[in-house]
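Novice: A predicted structure for the sequence below; I have some questions about it.
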Amino acid sequence: MIHHAISDTFSALVDVHEPTVQLGTGYIFTEGPLWHPVEQTLIFSDMPGDVRRKYTPNAGVSEILRPTNKANGMTYDADLNLLICEHSTSSVVRVRRDGTRETLCSHFEGRELNSPNDIVVGRDGSIYFTDPTYGRMEGFGVARPVEQSFQGVYRIGPNHRPGDEPQLVVPREMFGQPNGLCFSPCEKWMWVNDTDQVNIRMFDVAPDGTLINGRVFAGGIQDDDLPGVPDGMKADHEGNVYVTAPGGVWVYSFHAELIGKITCPEMVANMHWGGLDWSTLFLCASTSLYSLRTRTKGRAEPFMSAQSGAALAHNPQGISNMQNNLEVLETLDFRIDPARTAMIIQDMQNDVMIDGGAFAHTGSPDHARSQNVVANTRRLADHVRSRGGMIIHVWMVLEPGAPYLCQHAPLQQGLKENNALVRGTWGVQPAAGLEPQPGDLIVEKMSMSAWETSRLDAYLRHGGRDTIINTGSWTNMSVEHTARTGADKGYHMILPEDCCCTMNDDWHHAAINYGMSNVATVTRSDAVIAAMG
């Protein structure tokens, strides 16, 4: 086991064997990870290096800003403006999407704040942030005397004017060094941790925005044998609390039970959920950035909502398509009945996606590898079989010479010209690892979609299946056409995007983010597995 389950409930959140993957390294001290719902990228801070970097899946990490005023925690508001805690300036700053910079606050009672550290936004637009003194220490900020006599937690209200002072929302002497903070999913409660006191407090959120009835939620978050302290903190969509701690991240239930520990090779400072389905946990850990696939997803924050007018302006099709789909995921919560479900494995044949195949020149083998599509699909299919789901292999099969195959479109012309997918050849066979197993069904077709020239619909109707897990190659052609027709026929189409591949990332993401988000539930294989139990 990589991770440590203390309670049986932990396995519903994290697979104890799931690897923690290093995405980038060589930094000084990473912090403030933040996922962009439209661009599908992650930004993060390197305070001592005074650098902001961006991680792009399949492209790696790049530098995007230097200097950053020793920026630490970051989040977006509902309009996708960037909110930043700056150590060097003792300020909370908003950078609008057009690049305009505004200082929201920098003083309290006429004196400079200590150094805003971590930040979160509520549904009403209120911004909460912590204000320890770390940014006035050498390295993490600019060494200088403190002006405040305490370390507080503050709120910037929805009607706040840039430059006005924030609202102190906790008693002045309550915290040693307040650090990470997060709302509960319903926003009735808030958790704030204290690095010096090695604990987490839970508060009721009062109508005026103050934090009341503070009580210790968890204490003793320390281990002399392992590096790590309470620092960054997040809640998932069910109200479990994740806090950086010795050895990685400790996970508490809503009822304050320590249920498990996520292990990371380096000391973790902060975390953030992201990915297409918000189920990948990104970890900023000392000199590196890591990711971990989870079986849950983060608390729904305002910037994830489809109702953001500015987000629509930023990308009028992409944000609405993607976020409408995320709202479907929230509603369904990934509960899938295996007895009513079939998984389609379409066109995953040698000529389509394997080196040496008829269409290898398109780049499809490289994209299949980058998606890890064979392993992901095999793992998902094994789980569907184990739960009683139906597996249907859909193959394009042509007779030698492709007689009577219409030549009215480039796709059909390419099949004939490349002598592809001919019965009895190596090219028509399934990719190694995706061979049919006992009990699986095989459907042959002569069309891009799985429906028109096959008996797929008959198998599904006779088998009582109304939910389809749609996997295959190519995402932007066979998979998308099958999803659209399936939705028209009344099937619930579920699309695990890591079980699909095509020629390159651009075509793949175009199909995922634009073509299918309004006809299918776009997710990933781990979420489907968790939903089936």
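Specialist: Alright, I've got the coordinates. Numbers count the residues shown, from 1 in each chain.

Novice: Which of the helices or strands spans the residue located most distally from the centre of the chain?
Specialist: Largest separation from the mean C-alpha position in the chain: P403, at 46.6 Å (Cα atoms, centre = their mean). If you go by DSSP states H and E, P403 is not part of any helix or strand.

Novice: and it, what pLDDT?
Specialist: Looking at P403, its pLDDT stands at 81.

Novice: State the pLDDT value of the residue nearest to M477 when sequence neighbours are not counted.
Specialist: Closest residue in space to M477, ignoring its immediate chain neighbours: M448 at 5.6 Å, by Cβ to Cβ, 6 or more residues apart in numbering. The way it works is simple: take the backbone N, C-alpha and C, and place the C-beta from them, glycine included. Predicted confidence (pLDDT) for M448: 86.

Novice: ok but M448 is inside a helix, no?
Specialist: No: under the criterion used here (DSSP: H, G, I helix; E, B strand; the rest coil), M448 is coil, not part of a helix.

Novice: And it, how far from S454?
Specialist: Between M448 and S454 the computed distance is 12 Å (Cβ to Cβ, to the nearest Å).

Novice: what do you get for Q177?
Specialist: For Q177, the distance to S454 (Cβ to Cβ) stands at 64 Å.

Novice: who's in contact with R461?
Specialist: If a contact means Cβ atoms under 8 Å, 6 or more residues apart in numbering, then R461 has no contacts.

Novice: what kind of secondary structure is it in?
Specialist: helix.

Novice: So it versus S454, what's the distance?
Specialist: R461 sits 13 Å away from S454, going by Cβ to Cβ.

Novice: ditto for P265
Specialist: For P265, the distance to S454 - Cβ to Cβ - is 48 Å.

Novice: who's more crowded, these two?
Specialist: Neighbour count, other Cβ atoms under 10 Å: between P265 and S454, S454 has more, with 19 against 15.

Novice: Was I right to think T485 contacts M448?
Specialist: No: T485 is beyond contact range of M448, at 10.1 Å (criterion: Cβ atoms under 8 Å).

Novice: When these two are compared, which one has more neighbours?
Specialist: Shown here are T485 and M448; by other Cβ under 10 Å, M448 has more neighbours (21 against 18).

Novice: so where's this protein shaky on pLDDT?
Specialist: Scanning the chain for pLDDT under 70 picks out the ranges 305-334, 411.

Novice: Do you have the helices of it handy? List them.
Specialist: For the chain, applying DSSP state H gives helices covering 309-314, 318-332, 350-353, 364-371, 373-386, 410-417, 456-462, 480-488, 505-510, 525-532.

Novice: nearest to V519, of those helices?
Specialist: Across the helices of the chain, V519 has its closest neighbour in helix 480-488 (4.0 Å, Cβ to Cβ).

Novice: Would you mind putting the CA coordinates of that closest one into PDB?
Specialist: Extracted as PDB, the C-alpha positions of helix 480-488 are listed here (Å, rounded to 0.1, in the frame of the first residue of the first chain):
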ATOM      1  CA  GLU A 480     -18.300  11.400 -30.900                       C
ATOM      2  CA  HIS A 481     -20.600  10.100 -33.700                       C
ATOM      3  CA  THR A 482     -21.600   7.200 -31.400                       C
ATOM      4  CA  ALA A 483     -22.200   9.500 -28.500                       C
ATOM      5  CA  ARG A 484     -24.400  11.800 -30.500                       C
ATOM      6  CA  THR A 485     -26.600   9.100 -32.000                       C
ATOM      7  CA  GLY A 486     -26.800   7.300 -28.700                       C
ATOM      8  CA  ALA A 487     -28.100  10.400 -27.000                       C
ATOM      9  CA  ASP A 488     -30.700  10.800 -29.800                       C
END
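
Novice: let's have the chain start at 5 instead
Specialist: Sure, I'll start counting at 5 from here, so that last one is helix 484-492.

Novice: All set, thanks.
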